[in-house]
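In: Predicted model and sequence below, questions to follow.
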Amino acid sequence: MYQYDNYDQTIVDERVAQFRDQTERFLAGQLADDEYRPLRLMNGLYLQRHAPMLRVAIPYGLLSSDQLRMLAHIARKYDKNYGHFSTRQNIQYNWPRLEQVPDILADLASVQMHAIQTSGNCIRNVTSDHLAGVAADEIEDPRPYCEILRQWSTFHPEFSYLPRKFKIAVTGATEDRAAVAVHDIGFYMTRNDTGEVGFRVLVGGGLGRTPYIGAIIREFLPKRDLLSYSEAILRVYNRFGRRDNKYKARIKILVNALGAAEFATRVEDEWQQMDRDALTLTDAALADIKRRFTTPDYQAFDGDAPAFAAKLGEDAAFKRWVSRNTHAHKLPGYRAVSVSLKTPERPPGDATDAQMDTLADLAERYSAAEIRVTHEQNLVFADVATQDLYALWQGLDALGLAVPNIGTLTDMICCPGLDFCALANAGSIPIAADITNAFNDYDYLYDIGELKIKMSGCMNACGHHHVGHIGILGVDKKGVEFYQLTLGGSAASDAVLGDRLGPALEKERVVPVIRSLLDVYLEHRQEDERFLDTYRRIGMTPFKDRVYGAEDEIRRSA
Amino acid sequence: MKVIKNNTVVNDAWQLVDDGAELPAGDVIVSLGRWQQERDALLARDGQVGVALTGDQDPAALADDLDQLPLIGLLFPKFTDGRNYSSARLLRERFGYKGELRALGNVLRDQLFYMQRCGIDAFALAEGRDADAALQSLRDFSKVYQDTGDSATPVWRLRGAV
């Protein structure tokens, strides 16, 4: 966990004072709506359907127990006792009062947190792999580079009024667990022929109205050039990105208008001309950032604890949870644990203040006092000794947070939708609830295996529907909510956009249609193919025929 | 023109002249197009000449003229149009421009800090804005993370890592 020094703290404290002044001027009528708007957005503050929404930054998804307790405190004191974890590893509050937002920011600053650049046309929170630092398939821990990018992008004077928002993701692993390919810039840590570690650089990914998987513009970027190359990309985008139409203003549109090769040439030209020395990441500067990350106090185990193996044999429910919700750790005797926020009791990604407080305690006891937020809207305890797993499981179960559904079809990504968001065309939380209630048989869920359902309440695609194995997009047809399904998308290392299944469906048909799609999958599945693999092999037709062919037959016989 | 310069509010004699309008006496700021067409005549006048760039104009177009221009204006038609932040840095850091860089147009106090960090050193606030109050916003932050060619030392240097 990165620890602020006095400089970091000063900047965050001065931000609170600045935003307090801006908000006071707005409330006093000295700052017009359209002048205040970009300022409040750069602090994550939206004026929404029912009340303002405040998005708080959780840099690369990493939280300490103390920070999580503060998030609980904010939910309790300023909101309605809950918060919503988002696909960008942040947390959102739906009911704060505008006048109180400066106080919330001051509370956040007291635990080294902020809401800087969580919205607006600027560089947003940098996201990363939720298993960073503990994954076995990692080339190097990406978090120091995330922190370097966070500092560089914080109030970057040249890039604070970009054509549109700008999202960066970094992964150090070979498996992409951070949806890197759908970011404006994606950095994949890699080794070159000589074994040196650097980055493969992707640009122009993004979802929204015009989704794109990004293009690789550089196969190897030395680490020392991370910031200068980023600055070159951002400068080309800032100067040449479209500003005449906000729907055409993301970097993906520029990259595709120029072609990735031409875009890469422009970046290289800019990069060759700029003063790179000033931005070169020296070994000393990198070591300084790394030094200010705390490391868990690991114990040396030979392997899994004997008591853990015994409990697996005794308790089937525990065993089920371990097999679904825990992940390999680079060290023997440890596991990373996913805490599912996809429960029947609450909308996907939501947690109450009481849950957050208890989770903070559990993390303190069992996982180095750290918690990660995943882009799939769950939490992770990354450093749990196997000897503690049973006690942790019991603690989570008492909170209703030991639901063993990670990676299954009820572990959905879901945006806030019509219930909260001013942009939404249709509800997404009620569909998630329908799916969770309909598919509650674990034997069936486990038989289906890995299935990523991703759902957005409008084409802005906050719920990543384009890259769901099954994507669900809410649309409005003359005031009635309809749902457009896509199949075959993926946000993982094999990233691809899904294909449209057919005409949008009425709300009550979504669950039966998903069941039909799964029937087709089960009928065609070979060996241990996932839904996605079967879809790739057999194509759209069998699925489409089952869903819409039957409809035609009914029509003909009527 | 009322401007913020060197942390004070001053009134100076520079006039922004529309294309096609007759040139008044005194110091004038003209468009890049007019400068390119009427360069010799403009330099032959009494009074100084500056050129105003819009966000879509490449500052490299002035690279050979910098010694003759005591002022370059950067036009912000809307305060949310950030292209001229890049132009300011290019003029200062790539082309080594030493004269005055003046923000013109929809210039509001809450953007001054960023402008200053990009090398803009004079700010002609939008109509009716309180320039004295705006001075405070130039001091919003005492520490910064980036090395952008202004006089501020970024914190990674202050940390003594290099």
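Out: Happy to help now that I have it. Because the structure is predicted, anything quoted here is derived from the model rather than measured. Numbering: from 1, shown residues only, chains lettered A, B, ... in the order given.
In: Setting aside sequence neighbours, what's the nearest residue to the residue of the stretch 51-200 of chain A found nearest chain B?
Out: Of all residues in the stretch 51-200 of chain A, A:Tyr161 sits closest to chain B, at 2.9 Å by Cβ to the nearest Cβ. In this view, the C-beta of every residue, glycine as well, is placed from N, C-alpha and C. Nearest residue to A:Tyr161 in three dimensions, chain neighbours excluded: B:Gly82, at 2.9 Å (Cβ to Cβ, 6 or more residues apart in numbering or on different chains).
In: distance of the residue of the stretch 51-200 of chain A closest to chain B from A:Ala17?
Out: 22 Å (Cβ to Cβ, to the nearest Å).
In: and A:Val197, what does it touch?
Out: Contacts for A:Val197 were tallied using Cβ atoms under 8 Å, 6 or more residues apart in numbering or on different chains; they are A:139-140, A:189-191, A:223.
In: mind redoing it with 7 Å?
Out: A:139-140, A:189, A:191, A:223 (Cβ atoms under 7 Å, 6 or more residues apart in numbering or on different chains).
In: Tell me where the chain is predicted with low confidence.
Out: All of this refers to chain A. Scanning chain A for pLDDT under 70 picks out A:49, A:550-558.
In: that's the wrong chain, I wanted chain B
Out: For chain B, the stretches with pLDDT under 70 are B:161-162.
In: Quick one: name the residues of it near chain A.
Out: Listed as neighbours of chain A in chain B under the rule Cβ under 7 Å from any Cβ of the partner chain: B:80-83, B:85-86, B:89, B:93-94, B:108, B:110, B:114, B:117-118, B:140-143, B:145-148, B:155-156, B:158-159, B:161-162.
In: and whichever strand or helix holds A:Ala285, what does it pack onto?
Out: A:Ala285 is part of helix A:283-291 when elements are defined by DSSP states H and E. Other elements packing on helix A:283-291 under the criterion 3 or more Cβ pairs under 7 Å, 6 or more residues apart in numbering or on different chains; DSSP states H and E are helix A:143-153.
In: now what about whatever helix or strand comes next after the helix it packs on, what contacts it?
Out: Helices and strands here follow DSSP H and E; after helix A:143-153, the next one along the chain is strand A:168-171. Strand A:168-171 is contacted by residues A:123, A:126-129, A:142, A:145-146, A:149, A:178-180, A:183-189 when judged by Cβ under 7 Å, 6+ apart.
In: Please enumerate residues in contact with the helix or strand just after strand A:168-171?
Out: Counting by DSSP H and E, the next helix or strand C-terminal to strand A:168-171 is strand A:185-191. Contacts with strand A:185-191, where a contact means Cβ under 7 Å, 6+ apart, come from A:139-140, A:142, A:168-172, A:180, A:197-203, A:205, A:214, A:220, A:230, A:233.
In: Out of those, which end up buried?
Out: With neighbours counted by 16 or more other Cβ atoms under 10 Å in any protein chain shown, those contain buried members at A:139-140, A:142, A:168-172, A:180, A:198-203, A:205, A:214, A:230, A:233.
In: which residues of the stretch 1-150 of chain A fall in helices?
Out: Here the stretch 1-150 of chain A has its helices, by DSSP state H, counting those that start in this stretch, at A:6-27, A:33-41, A:65-78, A:101-109, A:143-153.
In: Could you list the buried residues of the first one?
Out: For helix A:6-27, the neighbour count (16+ other Cβ under 10 Å) marks A:7-8, A:11-16, A:18-19, A:21-23, A:25-26 as buried.
In: With the second one instead?
Out: Within helix A:33-41, the residues that count as buried by 16+ other Cβ under 10 Å are A:35-41.
In: Format the helices of the stretch 1-150 of chain A as JSON lines; extra columns: distance to chain B.
Out: Output for those, formatted as JSON lines (distance: least, Cβ to the nearest Cβ, whole Å):
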{"stretch": "helix A:6-27", "distance to chain B": "4"}
{"stretch": "helix A:33-41", "distance to chain B": "6"}
{"stretch": "helix A:65-78", "distance to chain B": "21"}
{"stretch": "helix A:101-109", "distance to chain B": "14"}
{"stretch": "helix A:143-153", "distance to chain B": "4"}
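In: Which one of these lies nearest to A:Leu518?
Out: Closest approach to A:Leu518 among the helices of the stretch 1-150 of chain A is made by helix A:65-78 (35.9 Å; Cβ to Cβ).
In: roughly how far out does that closest one sit from the chain middle?
Out: Chain-centre distance of helix A:65-78: 20 Å, with Cα atoms, centre = their mean, to the nearest Å.
In: could you check the angle helix A:101-109 makes with that helix?
Out: For helix A:65-78 against helix A:101-109, the angle by axes from the mean of the first three to the mean of the last three Cα atoms, to 10 degrees is 160 degrees.
In: What lies in contact with helix A:65-78?
Out: Residues contacting helix A:65-78 (Cβ under 7 Å, 6+ apart): A:81-83, A:91, A:93, A:96, A:100, A:104, A:107-108, A:111, A:113, A:353, A:356-357, A:359-360, A:363-364, A:369, A:371.
In: rewinding a little: any chance of the helices of the stretch 1-150 of chain A in JSON lines, plus distance to A:Ala278?
Out: Below are the helices of the stretch 1-150 of chain A laid out as JSON lines (distance: least, Cβ to Cβ, whole Å):
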{"stretch": "helix A:6-27", "distance to A:Ala278": "18"}
{"stretch": "helix A:33-41", "distance to A:Ala278": "28"}
{"stretch": "helix A:65-78", "distance to A:Ala278": "33"}
{"stretch": "helix A:101-109", "distance to A:Ala278": "29"}
{"stretch": "helix A:143-153", "distance to A:Ala278": "12"}
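In: Of all these, which one comes closest to B:Gly128?
Out: Checking these against B:Gly128 by Cβ to Cβ gives helix A:33-41 as the closest, at 12.6 Å.
In: what packs against the closest one?
Out: Secondary-structure packing of helix A:33-41 (3+ Cβ pairs under 7 Å, 6+ apart): helix A:6-27.
In: Return the alpha-carbon coordinates of the helix it packs on using PDB.
Out: What follows is helix A:6-27, C-alpha atoms only, in PDB (Å, rounded to 0.1, in the frame of the first residue of the first chain):
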ATOM      1  CA  ASN A   6       4.000  15.400   3.100                       C
ATOM      2  CA  TYR A   7       3.900  16.500  -0.500                       C
ATOM      3  CA  ASP A   8       1.100  14.100  -1.500                       C
ATOM      4  CA  GLN A   9      -0.800  15.200   1.600                       C
ATOM      5  CA  THR A  10      -0.300  18.900   0.900                       C
ATOM      6  CA  ILE A  11      -1.700  18.500  -2.600                       C
ATOM      7  CA  VAL A  12      -4.800  16.700  -1.500                       C
ATOM      8  CA  ASP A  13      -5.400  19.200   1.400                       C
ATOM      9  CA  GLU A  14      -5.000  22.100  -1.000                       C
ATOM     10  CA  ARG A  15      -7.500  20.400  -3.300                       C
ATOM     11  CA  VAL A  16     -10.100  20.300  -0.500                       C
ATOM     12  CA  ALA A  17      -9.600  24.000   0.100                       C
ATOM     13  CA  GLN A  18      -9.800  24.800  -3.600                       C
ATOM     14  CA  PHE A  19     -13.000  22.800  -4.100                       C
ATOM     15  CA  ARG A  20     -14.600  24.300  -1.000                       C
ATOM     16  CA  ASP A  21     -13.900  27.800  -2.400                       C
ATOM     17  CA  GLN A  22     -15.300  26.800  -5.800                       C
ATOM     18  CA  THR A  23     -18.400  25.300  -4.300                       C
ATOM     19  CA  GLU A  24     -19.000  28.300  -2.000                       C
ATOM     20  CA  ARG A  25     -18.700  30.600  -5.000                       C
ATOM     21  CA  PHE A  26     -21.200  28.400  -6.900                       C
ATOM     22  CA  LEU A  27     -23.700  28.400  -4.100                       C
END
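In: got the angle for it vs helix A:101-109?
Out: Our comparison of helix A:6-27 with helix A:101-109, counting by the same axes, to 10 degrees, yields an angle of 170 degrees.
In: For the residue of chain B found nearest chain A, what are phi and psi?
Out: Chain A sits closest to B:Gly82 of chain B, with a gap of 2.9 Å, by Cβ to the nearest Cβ. Phi and psi for B:Gly82, reported as degrees, to the nearest 10, are phi -90, psi 10.
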